[in-house]
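Enquirer: 3D, please:
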Amino acid sequence: MSIIALFNAAKDYFETRRTNQVFRQLDDHYLKDIGFYRDNGHIRPLAGNKDIVKTVIGKSQIPPGEQPSDG
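Expert: Here you go, the predicted model:
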């Protein structure tokens with residue numbers, strides 16, 4: 001594993017950890033407002049992807065044919 005990949009993995013881990021800490025502090029009403037719910041100590045999305053990391057932190061990518069042009 002290269003040093004850059006190692007730094008990226010560490011960055012992803014700490015971002016995920018921080019996100020989970022923030023979500024744990026929210027009450028159930030606020031979680032529902034942003035599309036999540038609490039299930040046995042875990043924060044889960046109301047619909048769609050079951051992985052909180054990809055739902056919250058994941059970056060959506062636009063397919064090359066649908067990207068806006070600069071001109």
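Enquirer: walking through the protein, point out its strands one by one.
Expert: Taking DSSP state E to define them, one finds strands in the chain at 36-39, 42-45.
Enquirer: quick check: buried residues in the first one?
Expert: Of the residues in strand 36-39, those scored as buried under the neighbour-count criterion (16 or more other C-beta atoms under 10 Å) are Phe36. All C-beta atoms are positioned from the backbone trio N, CA, C, and that covers glycine.
Enquirer: which elements pack onto it?
Expert: helix 28-33, strand 42-45 (3 or more C-beta pairs under 8 Å, 6 or more residues apart in numbering; DSSP states H and E).
Enquirer: tell me the strands beside it, with direction?
Expert: Strand 36-39 has its sheet partners listed here by DSSP bridges as strand 42-45 (antiparallel).
Enquirer: buried set for the strand it pairs with?
Expert: With the criterion 16+ other C-beta under 10 Å, strand 42-45 contains buried residues 43-45.
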